[in-house]
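Enquirer: Here you go, sequence then predicted model.
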Protein chains: 2
Amino acid sequence: MPEYKIYYFNVKALAEPLRFLLSYKNIPFEDIRIEKSDWPAIKPTMPMMQMPVLEVDGKRAHQSLAMARYLAKQVGLVGSNDWEDLEIDTVVDTINDFRLKIAVVSYEADEEVQKKKRVTLDNETIPFYLEKLDSIVAANNGHFALGKLTWADLYFTAILDYLNYMAKTDLIANHENLKKVVATVLALDGIKQWVEKRPQTDL
Amino acid sequence: MPEYKIYYFNVKALAEPLRFLLSYKNIPFEDIRIEKSDWPAIKPTMPMMQMPVLEVDGKRAHQSLAMARYLAKQVGLVGSNDWEDLEIDTVVDTINDFRLKIAVVSYEADEEVQKKKRVTLDNETIPFYLEKLDSIVAANNGHFALGKLTWADLYFTAILDYLNYMAKTDLIANHENLKKVVATVLALDGIKQWVEKRPQTDL
């Protein structure tokens, strides 16, 4: 079995889908959490000066969605043909669009600008995406794609705490289908064990 | 051969990588360009109310990167194993990050805010990404990944006009390796024919 290492900060956020995917099959990995104070020294050594970074037998990759797709192939949570993989990729990219739309407001440095943008985010963007995502799950037998468990379900569940943190709300509180996805993923043996033992962090 | 349709506005932008990928193998497709005036009526019929949309034998997909990856598999511009595909996906996502960082400034509605953000974009973000991307090509035999032609090369070349339009500059003017990628892609038979016959648009 390859030797896996995940480099990230001491948060769930963008690395948690990778940790979920490996945990799903109880694949061991080194969970390297860089302290904020050490980051300036480490930053130039990382590709694109960013994390998360995935290391597989000493070879490094970055880009969280690309790495998640790679790990999904290793643990058998992808489709069985090109069109099925397109269906999974499409919903994952839609979830990622949702993340970016929340992030661009949450990370806005100018407080006045952020306040203004948060009104549109709360009243338009978030309800639009939640309704769409919920209806996708309703049409897919309680999953995000193909009517069965795929890496899209793990991806959404793993980043949800980060989305909630940035959006300052419990996003799925009133969306029964999205709640069902999360409950299904968190009940999986490997995921359950990971969530019990992982470091407790807000985001 | 499947029947392909691409729905988008009368611009290159996010649909052009799809048009390039099909043209690369001279695969015919219906190039449906929606007039801005017709969009409000058509918008609710599109998944996520967005375009581009790809239709394959009557089945519709969306999300530009997911669709490009699907077409890349059909025309043989992907890797030969999971790690190679991860390498391609990683650089495509990096190019897409670059696009998003330019877009978030270009689409900023508040003129004062845009002006302020454009300073950081021009002085920090754009030089950082161009240098990184240029060095990736330098290390990959004139390509973005695997030392050979992949869909990453077509993706970058196809969206470059859109990036230039949003950034208000000729991004690759001083980057010889990036120029080489573009020259290589535009010299491919199928692409050359497509570029000669496509509608002329600014972005």
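Expert: Received, thanks. Numbering: from 1, shown residues only, chains lettered A, B, ... in the order given.
Enquirer: Report the helix or strand with the lowest average pLDDT across chain A.
Expert: One helix or strand of chain A scores below all others by mean pLDDT, DSSP states H and E: helix A:111-120, with a mean of 95.
Enquirer: what secondary structure does the residue nearest the centre of chain A sit in?
Expert: With distances taken as C-alpha atoms, centre = their mean, the residue of chain A nearest its centroid is A:I159 (3.5 Å). The three-state assignment at A:I159 reads helix, by DSSP: H, G, I helix; E, B strand; the rest coil.
Enquirer: A:N174: neighbouring residues, count only.
Expert: 11 (other C-beta atoms under 10 Å in any protein chain shown). Bear in mind the C-beta positions are built from the backbone N, C-alpha and C, glycine included.
Enquirer: Quick one: residues contacting it.
Expert: Counting by C-beta atoms under 8 Å, 6 or more residues apart in numbering or on different chains, A:N174 touches no other residue.
Enquirer: From A:L77, how far out is it?
Expert: 28 Å (C-beta to C-beta, to the nearest Å).
Enquirer: Would you mark the buried spots in stretch A:109-122?
Expert: Buried residues in stretch A:109-122, counted by 16 or more other C-beta atoms under 10 Å in any protein chain shown: A:V113, A:K117, A:R118, A:L121.
Enquirer: Within reach of chain B, which of those residues are there?
Expert: A:V113 (C-beta under 8 Å from any C-beta of the partner chain).
Enquirer: Adding distance to B:P44, write the buried residues of stretch A:109-122 out as TSV.
Expert: Compiled in TSV, the buried residues of stretch A:109-122 are given as follows (distance: C-beta to C-beta, whole Å):
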residue	distance to B:P44
A:V113	30
A:K117	25
A:R118	26
A:L121	22
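Enquirer: which two from the buried residues of stretch A:109-122 end up farthest apart in space?
Expert: Of all pairs drawn from the buried residues of stretch A:109-122, the widest gap by C-beta to C-beta lies between A:V113 and A:L121 and measures 12.1 Å.
Enquirer: element containing A:D31, please.
Expert: Using DSSP states H and E, the element containing A:D31 is strand A:29-34.
Enquirer: Now do the contacts for the closest residue to A:E35 other than its chain neighbours.
Expert: Distance criterion C-beta to C-beta, 6 or more residues apart in numbering or on different chains; nearest residue to A:E35, sequence neighbours excluded, is A:N10 at 7.1 Å. For A:N10, the contact set (C-beta under 8 Å, 6+ apart) comprises A:R33, A:I34, A:E35, A:P199, A:T201.
Enquirer: where along chain A do the strands fall?
Expert: Applying DSSP state E to chain A gives strands spanning A:4-9, A:29-34, A:53-56, A:59-61.
Enquirer: Going by neighbour count, list what's buried in stretch A:182-192.
Expert: Those would be A:V182, A:V185, A:L188, A:G190, A:I191, for stretch A:182-192 by 16+ other C-beta under 10 Å.
Enquirer: Would you format these as a markdown table with distance to chain B included?
Expert: Formatted as a markdown table, those follow (distance: C-beta to the nearest C-beta, whole Å):
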| residue | distance to chain B |
| --- | --- |
| A:V182 | 21 |
| A:V185 | 21 |
| A:L188 | 22 |
| A:G190 | 20 |
| A:I191 | 22 |
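Enquirer: And these, which is closest to A:A15?
Expert: A:I191 (14.8 Å).
Enquirer: Contact partners for the closest one?
Expert: Per C-beta under 8 Å, 6+ apart, neighbours of A:I191: A:F20, A:S23, A:Y24, A:L154, A:T157, A:V185.
Enquirer: what's the most distant pair in those?
Expert: For these, and using C-beta to C-beta, no pair is farther apart than A:S23 and A:T157, which are 11.7 Å apart.
Enquirer: wait, doesn't A:M51 sit right on A:Y7?
Expert: Yes. Counting by C-beta atoms under 8 Å, A:M51 does reach A:Y7; the two are 5.3 Å apart.
Enquirer: more neighbours, these two?
Expert: Shown here are A:M51 and A:Y7; by other C-beta under 10 Å, A:M51 has more neighbours (23 against 20).
Enquirer: distance of A:N10 from chain B?
Expert: 23 Å (C-beta to the nearest C-beta, to the nearest Å).
Enquirer: Repeat that for A:T150.
Expert: Per C-beta to the nearest C-beta, A:T150 is found 13 Å from chain B.
Enquirer: Measure how buried that residue is and give me the count.
Expert: Residues lying near A:T150 (other C-beta under 10 Å) number 24.
Enquirer: Kindly give the local confidence score, pLDDT, for it.
Expert: A:T150 is assigned 98 on the pLDDT scale.
Enquirer: Next, it: phi, psi?
Expert: For A:T150, the backbone dihedrals are phi -140, psi 180 (criterion: degrees, to the nearest 10).
Enquirer: cool, and A:M46?
Expert: phi -100, psi 140.
Enquirer: Chain B contacts on chain A?
Expert: A:48, A:56, A:59, A:61-63, A:65-67, A:69-70, A:73-74, A:82-83, A:85-87, A:89-90, A:92-94, A:100, A:104, A:110, A:113, A:132.
Enquirer: hmm, try it at 7 Å
Expert: A:48, A:61-63, A:65-67, A:69-70, A:73, A:82, A:86, A:89-90, A:93-94, A:100, A:104, A:113, A:132 (C-beta under 7 Å from any C-beta of the partner chain).
Enquirer: Show me which of these are buried.
Expert: Buried among these (16+ other C-beta under 10 Å): A:48, A:61-63, A:65-67, A:69-70, A:73, A:82, A:86, A:89-90, A:93-94, A:104, A:113.
Enquirer: and the longest helix for chain A?
Expert: Criterion DSSP state H: the longest helix present in chain A is helix A:82-106.
Enquirer: hmm, back to that, return the member of the buried residues of stretch A:109-122 nearest to A:L149.
Expert: After measuring the buried residues of stretch A:109-122 against A:L149 - C-beta to C-beta - the closest member comes out as A:L121, at 30.2 Å.
Enquirer: show me what contacts that closest one?
Expert: Neighbouring residues of A:L121 by C-beta atoms under 7 Å, 6 or more residues apart in numbering or on different chains: A:K101, A:I102, A:V105.
Enquirer: if you set the cut-off to 6 Å instead, what comes out?
Expert: A:V105 (C-beta atoms under 6 Å, 6 or more residues apart in numbering or on different chains).
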